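**Student:** Following is a predicted model, sequence given first.
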Amino acid sequence: MSQLRVLIYLFTISAGILLAHSGATAADEPAAGSADLRIDSVLVSLIEQVEVPAREVGQLDKMLVQEGATVQKGEILAQIEDGEAVLLQQQAKLEYEMAKLKAENDINIRFARKAHEVATAELLRAEDSIKKYPKSISKTELDRLKLTAEKAELEIEQATEEAKTSQLEASLKRNAQEIAALAVQRRKVVAPISGMVVQIMTKDGEWVRPGDTVLRILKLDRLRAEGLVNASRLQEQDLKGRPVTLVVNPGTKQEIEFPGKISFVSPEINPVNNQTRVWAEIENPELKLKPGMRASLIIK
C-alpha cells in the first residue's frame, strides 16, 4: 500500500513538471513570432464581380467577346439592334443643325438697326428743316416720321427677342440630339469594370429586356484574402494598412508569394474563441492567384 502511494506521488510531481514546461513554451511562442503575425489558413475570394445587364429592350445583334476574354472598363461587349435609334439620332442631329443656323442668323437684327438709323436720320432732317423753315413740313408728316423711328426701335427689340427664342430652340434641339445619342449608346453592352468574362447568358439573336443579365465579369487582378486572428493581437498593434505577403503552397516547390496590405479589421470579436476577421487586398497582376484557394498570410 505504501508503494502505491509513492508511485502516485511520483506521478503527480512528474505531471506538474510537464504542465509547467508546456505552459512556458506556449507563452514563449508569441514573443518569438512577435515580428510577423502569421495566419496559417486564409481563404482567397473575389472583391468585385458584376452581372452586366442589358439597358434597353431589343434583339441581341452581336456578342463581341467570348468566355475567358479579359476586358477593360468601358469596352463594348455586345450590341443590341439599334437601327431605329440610329435614324432618330441622325434626325435629331439635322434638326439641331438647322436650329443652330437659325440662332446664329442675325440678319433681322442688323436690318432693324439699319432701318432705325434711316428713320432717325429722316426725323432729324425734318426737325432741322422746321427750325429753318417752320412751315416746310406739316405736323402730320412730323408725327409720321416720329412713329416710323419709334417703330424701327421696337423692331430692334423684337428681332433681339426672336434671336433669344431661336437660341433656346437650338438648346432644346441639342438636348434632343444628346438624348437620341444616349439611346444609341444604351444599346451597347459596356463593361462596367476591368476583368475576365466568365459566363455568357445571352446568345446572338435572343431577345433581351432592361435588367436581363447578358454576361458576368470577375475582377481578378486584385483579390481578397480573409482569415481569423486572435483579438489580443489587436490590442498590441493596429493591423489596418499593414503590408502582407500571401503564400500559396507554403514549403513546397510550387510556393508562390503575392504582396498586399490589410484593408479591413472587423470590430466584432467571437466570444467563443476570441477571434476576429481580417482581410487583405492582394495584388494579382498575372492572374496566377485564383478565388477559392487557401493559403497562409504573413502580416509584416
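**Tutor:** In hand now; what should we look at? Residues are numbered from 1 along each chain as shown.
**Student:** Can you give me the buried ones in the helix or strand encompassing Arg277?
**Tutor:** Assigned by DSSP states H and E, Arg277 belongs to strand 275-283. Neighbour-count burial for strand 275-283, counted by 16 or more other CB atoms under 10 Å, picks out Gln275, Thr276, Val278, Trp279, Ala280, Glu281, Ile282. Where C-beta positions appear, they are placed from N, C-alpha and C, glycine not excepted.
**Student:** That one - contacts with which helices or strands?
**Tutor:** Judged by 3 or more CB pairs under 8 Å, 6 or more residues apart in numbering; DSSP states H and E, strand 275-283 is in contact with strand 222-230, strand 243-248, strand 256-265.
**Student:** make it 6 Å
**Tutor:** Judged by 3 or more CB pairs under 6 Å, 6 or more residues apart in numbering; DSSP states H and E, strand 275-283 is in contact with strand 222-230, strand 256-265.
**Student:** Specify which member of the buried residues of strand 275-283 is nearest to Leu123.
**Tutor:** Closest approach to Leu123 among the buried residues of strand 275-283 (CB to CB): Glu281, at 82.1 Å.
**Student:** and that closest one, what does it touch?
**Tutor:** Counting by CB atoms under 6 Å, 6 or more residues apart in numbering, Glu281 makes contact with Arg222, Gly260, Ser263.
**Student:** host element of the closest residue to Gln91 other than its chain neighbours?
**Tutor:** Sequence neighbours aside, Ala180 is the residue nearest to Gln91 in space, at 7.6 Å (criterion: CB to CB, 6 or more residues apart in numbering). Taking DSSP H and E as the definition, Ala180 sits inside helix 139-185.
**Student:** Please compute how far that helix lies from its chain's middle.
**Tutor:** With CA atoms, centre = their mean, to the nearest Å as the basis, helix 139-185 stands 42 Å off its chain's centre.
**Student:** so what does it touch, helix or strand wise?
**Tutor:** Checking 3+ CB pairs under 6 Å, 6+ apart, helix 139-185 ends up next to helix 83-104, helix 107-132.
**Student:** Quick check: mean pLDDT of the last one?
**Tutor:** By that I understand helix 107-132. What helix 107-132 shows for mean pLDDT is 89.
**Student:** after the helix or strand bottoming out on mean pLDDT in the chain, next one along is what?
**Tutor:** Lowest by mean pLDDT, DSSP states H and E among the helices and strands of the chain is helix 2-32, with a mean of 38. Counting by DSSP H and E, the next helix or strand C-terminal to helix 2-32 is strand 37-46.
**Student:** Now do the SS call for Pro192.
**Tutor:** Secondary structure, DSSP: H, G, I helix; E, B strand; the rest coil: Pro192 is coil.
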